[in-house]
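Curious how this folds, go ahead:
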Amino acid sequence: MKKSITLILTVAMLFSAFAFDIFADTGHLPFTDVKENAWYYDSISRVYKNNLVFGTSETQFRPNDHLTREQAAMIFYNWSSAEKKYDSCSFTDVKAGSRYCNAVEWAYRNGIMFGVAMGRFGVGEYITRQDLVTVIYRAYQKDTDREYGYLAANFYRFTDHSSTSEYAVEAMKFATGLVQCILFDGTGGPEQPFLFGDNNNMLRPKAPCTRAEAVAIIIGTNRQLLLAK
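Alright, predicted model coming up:
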């Protein structure tokens, strides 16, 4: 499996493409808008303590802000250590030389992200929960060294499963039902789902994905080496 795809599964984490990187040696988060009793505190804390967190400023994480599609592309591009530069872009709404051109084109050419319609990438549009899951699922599919087992039935337990777009159904089944990873040499072990419902047992597949939700979803991929600290 290519290094870029491996790092998408392990390090594709955070979440302002135009922000300050904030590393610290202390065990306390510097973000005043991430409260210890918040549901996402542990997720943000874990990636922060692994020196993989970006804030929107030195004291703000803005967990409830929505991610745009081009910002998501930049996350995967930057954290995969991609260095490819492009003179032009395949989408009419992505200007050559823009700060996100390389990321969008890289994501497209690697089969990680595609456009929305009419030759557009969807710049400025928020990435939905089902679309973020689909990007991660595509990365898993490129992991040709392993086979993954999942329980598709888990997906149907959520009350709003039928609102998932057809193109995202298989990805959502995978995300909600992942149970096993087997290498071709026969080794491997249990995995766990990385997408869960809200308090109302809903997946909200077409809802815009917040920064906090993105952290939680990607951490849920259970990349043990990354989160060992």
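
ranges for the helices of this protein?
Along the chain, counting by DSSP state H, helices occupy 3-11, 41-49, 69-79, 101-109, 129-141, 169-177, 211-219.

Can you flag the weakest of those helices by average pLDDT?
Set side by side, these give their lowest mean pLDDT on helix 3-11, at a mean of 43.

Would you quantify the distance from R99 to D185?
43 Å (C-beta to C-beta, to the nearest Å). C-beta coordinates here come from the backbone N, C-alpha and C atoms, glycine included.

Mind checking which of these two has more residues around it?
R99 (11 against 7; other C-beta atoms under 10 Å).

Identify the structural domains in this protein and state their residue ranges.
As recorded under automatic domain parsing, the domains making up the chain are 1-67+208-229, 128-207.

With distance to S90 as extra columns, can I get those domains in CSV?
Conversion of those to CSV gives the following (distance: least, C-beta to C-beta, whole Å):
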stretch, distance to S90
domain 1-67+208-229, 18
domain 128-207, 17
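
right, and the ones you listed - which one's nearest E105?
Checking the domains of the chain against E105 by C-beta to C-beta gives domain 1-67+208-229 as the closest, at 13.4 Å.

Quick one: the helices of the chain as JSON lines, columns for distance to D160 and mean neighbour count too.
Formatted as JSON lines, those follow (distance: least, C-beta to C-beta, whole Å; neighbours: other C-beta atoms under 10 Å):
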{"stretch": "helix 3-11", "distance to D160": "27", "mean neighbour count": "19"}
{"stretch": "helix 41-49", "distance to D160": "23", "mean neighbour count": "19"}
{"stretch": "helix 69-79", "distance to D160": "22", "mean neighbour count": "24"}
{"stretch": "helix 101-109", "distance to D160": "28", "mean neighbour count": "22"}
{"stretch": "helix 129-141", "distance to D160": "11", "mean neighbour count": "22"}
{"stretch": "helix 169-177", "distance to D160": "11", "mean neighbour count": "22"}
{"stretch": "helix 211-219", "distance to D160": "16", "mean neighbour count": "23"}
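
In CSV: those, plus distance to H28.
What follows is the helices of the chain, written out as CSV (distance: least, C-beta to C-beta, whole Å):
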stretch, distance to H28
helix 3-11, 23
helix 41-49, 9
helix 69-79, 24
helix 101-109, 31
helix 129-141, 28
helix 169-177, 31
helix 211-219, 17
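
Mind telling me which of the domains of the chain the model trusts least?
domain 1-67+208-229 (a mean of 68).

how close does the nearest residue to A216 once chain neighbours are set aside get to G188?
On the basis of C-beta to C-beta, 6 or more residues apart in numbering, the spatially nearest residue to A216 that is not a chain neighbour turns out to be S43, at 4.6 Å. From S43 across to G188, the span is 25 Å (C-beta to C-beta).

wait, T59 sits on V34?
No. Assessed by C-beta atoms under 8 Å, T59 is found out of contact with V34, at 9.9 Å.

ok, these two, which is more surrounded?
V34 (22 against 14).

How about the contacts made by that one?
By C-beta atoms under 8 Å, 6 or more residues apart in numbering, the contact set of V34 is 40-41, 44-45, 61, 63.
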